[in-house]
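J.: only geometry, no sequence info:
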């Protein structure tokens, strides 16, 4: 992580991230490798809201947790889109449910093979996705794979 010397962090270490103020309701997020993402309110163009980043973290973690098991069955160049939807409470200003939707092209698989893959995907995400495991007790999760809820 780049340290400008202005704001030294005593706890900076592997996995640390930071945000720097870049303007009104606008920040630049940075990881230890120097990669950046723009964070801001919905009114700030070309920025992700913190809520969108939360959902991207869920979707990305689900993808990274399941891509190897999917590739073993569909091949390395499989087509996939993962959506993350939320249900929130504006009064409490919090999310209380998240729905991950994995869209795959499974036409080449039999019904039994599809069901087995869906079970393996769920187990893989349940055991490997740090993000969903970290918030599972406070946010209700559902996973849909190719139209079937698991």
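T.: Looks like it came in fine. Quantities reported herein were computed from a predicted structural model and do not represent experimental measurements. Residues are numbered from 1 along each chain as shown.

J.: Same question for the lengthiest helix in the chain: list its buried residues.
T.: The longest helix of the chain (DSSP state H) is helix 50-74. Buried residues in helix 50-74, counting neighbours by 16 or more other C-beta atoms under 10 Å, are found at 54-55, 57-59, 61-63, 65-67, 69-70, 73-74. C-beta here means a position set from N, CA and C on the backbone, and glycine is covered the same way.

J.: hmm, who's touching that helix?
T.: For helix 50-74, contacts defined as C-beta atoms under 8 Å, 6 or more residues apart in numbering pick out 29, 37, 39, 48, 78, 80, 82-86, 88, 95, 98, 100, 102, 104-106, 108-109, 113, 117, 120-121, 124-125, 127-132, 143.

J.: Can you name the next helix or strand after it?
T.: strand 80-89 (DSSP states H and E).

J.: which residues touch that following strand?
T.: Residues outside strand 80-89 that contact it (C-beta under 8 Å, 6+ apart): 51, 55-56, 58-60, 62-63, 67, 70, 94-104.

J.: Sketch out the low-pLDDT regions of this structure for me.
T.: Along the chain, the model assigns pLDDT under 70 to residues 1-10, 150.

J.: now the strands: where do they sit in it?
T.: Applying DSSP state E to the chain gives strands spanning 17-23, 26-31, 36-40, 80-89, 94-104, 140-145, 148-149.

J.: now the angle from the third one to helix 50-74?
T.: Pointing back at strand 36-40 there. Relative orientation of strand 36-40 versus helix 50-74 (axes from the mean of the first three to the mean of the last three C-alpha atoms, to 10 degrees): 140 degrees.

J.: Just the buried residues of strand 36-40, please?
T.: For strand 36-40, burial by neighbour count (16+ other C-beta under 10 Å) applies to 39-40.

J.: what about it, distance to the chain center?
T.: Relative to the centre of its chain, strand 36-40 is centred 15 Å away, using C-alpha atoms, centre = their mean, to the nearest Å.

J.: Same check on the fifth one?
T.: Mean C-alpha position of strand 94-104 versus that of the full chain (C-alpha atoms, centre = their mean) differs by 10 Å.
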